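# Structure of the sequence below:
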Amino acid sequence: MIDPNMPLIQDNFRVCLLTGPVMNPLAIVNDEFGIFAQNCYRIKRSAEMYQWKETSHTRQIREGENTRTETYYTHHRDWFSYKIDSTWFKESWGHENPNVEWPYGEDE
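Numbers count the residues shown, from 1 in each chain. As a prediction, this is how the structure comes out:
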């Protein structure tokens, strides 16, 4: 068992679980949003945008003795943490994503 009040050098880089209050006298600040947190060691920001995503599907169709491959596309909207450029969609009409710079990325 590792005593958190008396760490030993041989316990470095070992996986361990500690419980107890977090005490950090310095406030963690995110100037971009004007927020701060006390008694912590980091603020993690995760940014997502509601966008269209295109998925391609292929299927084999038998026509007599011949087989042909057919490709079709489906679209759905969801939250994504990366920008999806809908100008590259095979079927982009009605599935356009905002053409803006990604306002905020992930940050720690």
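# Kindly provide the distance from the spatially most central residue of the chain to residue 88.
Closest to where the C-alpha atoms of the chain average out (Cα atoms, centre = their mean) is residue 81, at 4.2 Å. In this view, residue 81 and residue 88 are 19 Å apart by Cβ to Cβ, to the nearest Å. In short, each C-beta sits where N, CA and C put it, glycine included.
# Count the residues that sit near residue 53.
Residue 53 has 15 neighbours, counted by other Cβ atoms under 10 Å.
# now the residue nearest to the centre of the chain: how far from residue 98?
Taken as Cβ to Cβ, the span from residue 81 to residue 98 is 15 Å.
# same thing with residue 92?
For residue 92, the distance to residue 98 - Cβ to Cβ - is 13 Å.
# Likewise for residue 34?
From residue 34 to residue 98 the distance is 25 Å (Cβ to Cβ).
# For those two, indicate the residue with more neighbours.
residue 98 (12 against 7).
# Isn't that one up against residue 49?
Yes: taking Cβ atoms under 8 Å as the definition, residue 98 is a contact partner of residue 49 at 7.1 Å.
# how about residue 73, secondary structure?
strand (DSSP: H, G, I helix; E, B strand; the rest coil).
# Can you report how many residues neighbour it?
13.
# can you check the one 3 residues further on too?
For residue 76, the neighbour count with other Cβ under 10 Å is 10.
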